[in-house]
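Asker: sharing a sequence plus its predicted fold:
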Amino acid sequence: MTQSALKTTTEVTPTARLVVPVGRLDFEASSSFQQAIENTIKEAGGAPVIVDCAQLDYVSSAGLRVFLVGARAAKLDNVPFCVCGLVDAVRRVFVVSGFDKLIAEHPDRAAALAAIK
Amino acid sequence: MIGLVEELVLLGIEDDGAIAHTAGSADFGMALIGACLVELSNQGRIDADLDSLRLISTAPTGHPVLDRVLALLGDGDQGTVEQWVTRLTIEVPELLRLTLRSLVTRGVLERTETRFLWVLRSRRYPVIDGREQKEAKLRILATLLGDDLPSPQDTVLLGLARVGGLLEAFLSVAEIARLEGRIAQVGGIDLFVRGVESAIREVQAERARAMMLPMF
């Protein structure tokens, strides 16, 4: 297997927790990304979780499933969950697969933070 | 515990053990291939996006049906999920045979053979205690009737049952129509299911085009 080409960081703001994936989200990267999302939801204490995808260049089928797992975990924990900043290539995958109808999406981080206030 | 491939085939078994009419259709066959691809993806052998299906590892899974598909993927040219579903259609009878055999070996089904008019053989696969089949149907119903976000596994099972024409085996036409919104919302949110759906649509369009051709 090739090495993961995704770096994920987390940020805390006064109103939300952010997960920031940078690079390519494919099968190899999906496990660590899922871990990052699940940990953030657990630590959020009810605060909203935003996945800022502005630097996410690519998402595969395996990566897409992580968004569903994350959104589901957030809903079960009553944590508001959304994505923002989807680049065209990633947005296309979200739209074709119908994820855009299941997960709240905002154009950028500012819009996402404003929406969850 | 049985996997997605076996669950899908179980949904195509009638109460009397006959393989449902839908299970012999091209749509069901393509859904079965989709189930194999999803399982291979879950086991880290393949991944896919809108433009290609990517082989990650050719290491056997130990599952005869999946390993057959994996070997074919390894031998073939690159392609999209839709192209691979179409290419693998020729393998459906063998994949179905191997899956039924696996279900018989696991004690989920039994194989019986009767003769009709002393000549024509009729093979049936009665379900032994029905637990696995009932569980698969209940998972689909729970996904359809609930308003929670389903798990990726439940989404895929519903999606493949939908595109494979298997929902009709346990839901009435009126129920399917009533649940249409929910089916469309959660029954396709997977790129493999989308690929199967596109392949089925292409076959249907091809058939329609063929019927429009002038006879002379």
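Answerer: In hand now; what should we look at? Numbering: from 1, shown residues only, chains lettered A, B, ... in the order given.
Asker: let me see the mean pLDDT of the strand or helix carrying residue A:114.
Answerer: Residue A:114 is part of helix A:109-116, with elements assigned from DSSP states H and E. Regarding helix A:109-116, the rounded mean pLDDT is 94.
Asker: in chain B, mark out all the strands, start to finish.
Answerer: Per DSSP state E, chain B carries strands over the ranges B:46-48, B:53-55, B:112-116, B:120-124.
Asker: with chain A instead?
Answerer: Assigned by DSSP E, chain A shows strands spanning A:6-12, A:17-25, A:49-52, A:56-59, A:81-84, A:104-106.
Asker: quick one: strands adjacent to the first one?
Answerer: So that's strand A:6-12. Within its sheet, strand A:6-12 is paired with strand A:17-25 (antiparallel), according to DSSP bridges.
Asker: buried residues in the strand it pairs with?
Answerer: A:17, A:18, A:19, A:20, A:21, A:22, A:24, A:25 (16 or more other CB atoms under 10 Å in any protein chain shown). Placement of C-beta: from N, CA and C, glycine included.
Asker: mind putting these into CSV with distance to residue B:159 and pLDDT?
Answerer: Converted to CSV, the buried residues of strand A:17-25 look like this (distance: CB to CB, whole Å; pLDDT from 0 to 100):
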residue, distance to residue B:159, pLDDT
A:17, 31, 97
A:18, 31, 97
A:19, 27, 98
A:20, 30, 98
A:21, 25, 98
A:22, 30, 98
A:24, 25, 97
A:25, 21, 97
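Asker: contacts only, for residue A:74.
Answerer: By CB atoms under 8 Å, 6 or more residues apart in numbering or on different chains, residue A:74 lies in contact with A:41, A:49, A:80, A:81.
Asker: swap the cut-off to 7 Å and go again
Answerer: Taking CB atoms under 7 Å, 6 or more residues apart in numbering or on different chains, we find residue A:74 in contact with A:41, A:49, A:81.
Asker: try residue B:4
Answerer: Contacts of residue B:4 by CB under 7 Å, 6+ apart are B:35, B:38, B:39, B:156, B:157.
Asker: the first one touches residue B:161, doesn't it?
Answerer: No: Residue B:35 sits out of contact with residue B:161 when judged by CB atoms under 7 Å, with a separation of 9.8 Å.
Asker: hey, what's in contact with both of the two?
Answerer: Counting by CB under 7 Å, 6+ apart, the residues touching both residue B:35 and residue B:161 are residue B:8.
Asker: check the residue nearest the centre of chain A and give its pLDDT.
Answerer: Note on chain A: the residue nearest the mean C-alpha position is residue A:51, at 3.3 Å, using CA atoms, centre = their mean. If you check residue A:51, the pLDDT there is 98.
Asker: which positions in chain A make contact with chain B?
Answerer: A:1, A:26-27, A:60-62, A:64-65, A:68-69, A:71-72, A:75, A:92-93, A:96-99, A:101-102 (CB under 7 Å from any CB of the partner chain).
Asker: what do you get if the cut-off is 8 Å, keeping everything else the same?
Answerer: A:1, A:26-28, A:58-62, A:64-65, A:68-69, A:71-72, A:75-76, A:92-93, A:96-99, A:101-102 (CB under 8 Å from any CB of the partner chain).
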